[in-house]
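[1] Pasting the sequence and the predicted coordinates here, then a few questions.
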Amino acid sequence: MNKPDYHVVSFSGGKDSTAMLLRMIELGYHIDEVVFCDTTMEFPGMIRHVEKVKKVVEDAGVKFVTLRSQHNFEYFLAEVDVPNRRKDSNHYGVPGYGWPSHKIRWCTRHLKLELIKKHFKELTAEHNLIQYIGIASDEDYRMERKGNQDPNHRHPLRDWGWTEADAMIYCREKGYDWEGLYDIFNRVSCWCCPLQAYSELRKLRRLFPDLWQKLLEMDSKQWQTFAHGYSVADFDKRFVLEDALGDAGHSVTNRQFFKDLKRHLADEVTVEQILQERDHNEIAEV
């Protein structure tokens with residue numbers, strides 16, 4: 001017996017999936033369900049954006065489903081038992097996966113993929129699942145992934161010839177601005193992601209001090225180095241030093257800066273001492 005089609009939109013809350021979903025509703029596409037995964041580490045502004053879109057979806061008579069793990073990000077980071085950790089590991093018996101890395105992205109697995117797989121498995125028991133995914137026309141690299149070549153996967157943005165820029169323009173025209181998140185960050189993902197660029201972390205500290213403080217607390221409770229060989233506390237000390245030197249008109253990119261940073265991270269010198277040394281050396285050179 002043939003199963004009836006069931007049309008599901010995968011909604012991340014980002015600009016591409018938002019533009020795709022809103023335009024599909026506008027054009028009268030048949031949608032049975034919209035699925036959003038809450039990682040528990042989304043920016044507050046992103047969660048408010050999702051709620052705004054959710055209302056539009058439900059007003060259109062479409063079911064909106066939020067998938068959320070019974071355990072949050074912090075549980076997997078520093079609390080979960082990891083029984084298969086090697087006995088010769090320095091962290092054998094230590095709870096938590098530690099921070100995700102390029103090789104081990106447990107966050108995506110536990111907080112998104114496993115939830116989606118389980119939900120879709122339940123749907124496919126009685127339906128032929130048609131999934132709509134927000135891949136723009138200028139994201140060919142994403143189409144190379146095996147899963148996106150599934151004949152039951154649909155890509156409306158590509159069908160319409162919409163680029164990532166087109167998706168953003170459409171969203172802004174409809175009044176969606178993510179409370180400025182896309183004006184600040186190149187990519188809007190989990191605010192605690194250790195895979196984000198150094199420059200993004202700097203902006204997080206400056207513009208979202210409450211989240212930065214939370215990041216410091218989270219880092220202190222787990223065992224893995226955060227990113228680029230630095231702990232979050234190291235990044236904090238580096239940013240403070242950069243700000244102090246920059247305000248005083250000193251370079252924060254030359255070889256001397258990294259020598260000073262190394263000493264500062266080792267608690268050999270304070271920021272004030274480094275500033276005094278720089279000023280003294282400049283006077284001596286004159």
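    Thanks, I have the structure now. Numbers count the residues shown, from 1 in each chain.
[2] Give me the most central residue, the chain.
    Nearest to the geometric centre of the chain sits residue 189, at 2.3 Å (CA atoms, centre = their mean).
[3] what helix or strand is that residue on?
    Here residue 189 is covered by no helix or strand, with elements defined by DSSP states H and E.
[4] Do me a favour and get the backbone dihedrals for it.
    Backbone dihedrals for residue 189, given as degrees, to the nearest 10, come out at phi -120, psi -150.
[5] tell me the contacts of it?
    Contacts for residue 189 were tallied using CB atoms under 8 Å, 6 or more residues apart in numbering; they are residue 196. (Glycine included, C-beta is placed from N, CA and C.)
[6] Which per-residue confidence value corresponds to it?
    As summarised for this prediction, residue 189 has a pLDDT of 91.
[7] now do residue 89
    The model reports residue 89 with a pLDDT of 70.
[8] Tell me the spacing between it and residue 74.
    Computed with CB to CB, to the nearest Å, the distance linking residue 89 and residue 74 is 22 Å.
[9] With residue 4 as the reference, measure out to the residue nearest to the centre of the chain.
    For residue 189 relative to residue 4 (CB to CB), the value is 35 Å.
[10] swap in residue 213?
    Computed as CB to CB, the residue 213 to residue 4 distance reads 50 Å.
[11] who's more crowded, those two?
    Neighbours per residue (other CB atoms under 10 Å) separate residue 213 from residue 4, with residue 213 holding more: 13 against 9.
[12] tell me which helix or strand of the protein sits lowest on mean pLDDT?
    Lowest mean confidence among the helices and strands of the chain (mean pLDDT, DSSP states H and E): helix 140-143, at a mean of 80.
[13] The helix or strand where residue 107 lies: how far from the chain's middle?
    Using DSSP H and E, residue 107 maps to helix 106-108. What separates the centre of helix 106-108 from the centre of its chain is 11 Å, taken as CA atoms, centre = their mean, to the nearest Å.
[14] Show me the contact partners of that helix.
    With CB under 8 Å, 6+ apart, helix 106-108 has contacts from 39, 41, 73, 76, 97, 100, 190, 193.
[15] Tell me, how many residues neighbour the fourth one?
    So the one you mean is residue 76. Here the count is done by other CB under 10 Å, and residue 76 has 23 residues near it.
[16] Same question for the fifth one.
    Using other CB under 10 Å, residue 97 has 22 neighbouring residues.
[17] how close does it sit to residue 196?
    18 Å.
[18] And the second one, by the same measure?
    Using CB to CB, one obtains 12 Å as the distance from residue 41 to residue 196.
[19] go on, the first one?
    Using CB to CB, one obtains 14 Å as the distance from residue 39 to residue 196.
[20] same check, this time on the third one
    Computed with CB to CB, the distance linking residue 73 and residue 196 is 15 Å.
[21] same deal with the fourth one?
    With distances taken as CB to CB, residue 76 is found 18 Å from residue 196.
[22] Repeat that for residue 127.
    37 Å.
[23] quick one: low-confidence parts of the stretch 101-250 of the chain?
    Flagging of the stretch 101-250 of the chain using pLDDT under 70 yields the residue ranges 145-148.
[24] 80 instead, please
    Using pLDDT under 80 as the threshold, the predicted model of the stretch 101-250 of the chain has low-confidence ranges 141, 143-149.
[25] which residues of it fall in strands?
    Defined through DSSP state E, counting those that start in this stretch, the strands belonging to the stretch 101-250 of the chain, from first to last, are 128-132, 153-154.
[26] Which one of those strands lies nearest to residue 51?
    Proximity of those to residue 51 was assessed by CB to CB; the nearest stretch is strand 128-132, lying at 20.7 Å.
[27] can you pull the buried residues of that closest one?
    Across strand 128-132, burial judged by 16 or more other CB atoms under 10 Å covers 129, 130, 131, 132.
[28] now for that strand, which elements pack on it?
    The criterion is 3 or more CB pairs under 8 Å, 6 or more residues apart in numbering; DSSP states H and E, and the helices and strands that strand 128-132 contacts are strand 5-10, helix 114-124, strand 153-154.
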